[in-house]
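> following is a predicted model, sequence given first.
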Amino acid sequence: MKRDDIRKHLQTVPLFKELTEEELEPIISISSPRKYNAHSIIFMQDELLDRVFFIHTGTVKIYKTDANGKEQIVSVLKEGEMFPHAGFFRKGTFPANAEVIENAQLIVTPINDFEKILISYPELCIKMFRVLGEKIVDLQNRLEEKILHNTYEQVIMLLIRLSKSNGEKIGDSYKITTKFTNTELANMIGTSRETVSRTLTQLRKKAAISLDSKDFYVVNLSKLEDEINH
């Protein structure tokens, strides 16, 4: 990836969209591209946090594991997003693991240099903390779902969330453009693969979800929302 390609990509990142080319130049000068194949580990939890990443292409999952090796998926990130979302302005370690789901090209930026740029551009710093604030609200909403809803409803709410964050509108429905196994879906809400499988079967019988010719889930949001509200 050439320098101009890095510039074009960073200009599409919501955090940098309003920056002029001159303001973006310091970030370009400290950034470098890197390709990762599917299932590659980008970093592990508790490794030194020394880089921040911007996704040019591909999909990345952020997850934690417990003492028994059970996986809890925190988020699934796509083109235009940055990670990690914690650890700025303090010396620390990566708060979770990051693994590539689909072949990815990332822009890698040393975090110490990035922090200096943020200090130089207060408006950029404010925008970044706004992004981090939105992530906190999302985590709060997911905690609320866990506390207030049964597992059937949690699976439905997960599908609604994925259709909005990783979906493509097709008519009155959304196609979830990343393929997730039932185990991965279960790991996003802390339930069993069998529970997810049963719920998906029920939802398919009710025509709330379907699979297209390439086995991508197509979600009927109105029918899913009716399942929650009935």
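Cool, the structure landed. Numbering: from 1, shown residues only.

> show me the contacts for residue 177.
By CB atoms under 8 Å, 6 or more residues apart in numbering, the contact set of residue 177 is 166, 167, 168, 216. All C-beta spots, glycine's among them, are computed from the backbone N, C-alpha and C.

> between those, which is closest to residue 188?
Ranking the contacts of residue 177 by separation from residue 188, with CB to CB as the measure, puts residue 166 on top at 11.3 Å.

> isn't that closest one right up against residue 78?
Yes: taking contacts as CB atoms under 8 Å, residue 166 lies within contact range of residue 78: 6.0 Å.

> give the residues shared as contacts by these two.
When contacts are counted by CB under 8 Å, 6+ apart, the set common to residue 166 and residue 78 consists of 59, 178.

> on that earlier part again, neighbour-wise, which of the contacts of residue 177 leads?
residue 167 (22 neighbours; other CB atoms under 10 Å).

> sorry, back to before: can I get the contacts of residue 177 in CSV including secondary structure?
Below are the contacts of residue 177 laid out as CSV (DSSP: H, G, I helix; E, B strand; the rest coil):
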residue, secondary structure
166, coil
167, strand
168, strand
216, coil
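
> need the phi and psi values for the residue nearest the centre of the chain.
In the chain, the residue lying closest to the centroid (CA atoms, centre = their mean) is residue 77, at 2.3 Å. The phi and psi values for residue 77, taken as degrees, to the nearest 10, are phi -110, psi 150.

> equivalent analysis for residue 158, please.
Backbone dihedrals for residue 158, given as degrees, to the nearest 10, come out at phi -60, psi -40.

> and for residue 155?
Torsion angles at residue 155 (phi, psi; degrees, to the nearest 10) stand at phi -60, psi -40.

> please apply the same query to the one 10 residues further on.
Residue 165 has phi and psi values of phi -90, psi -30 when expressed as degrees, to the nearest 10.
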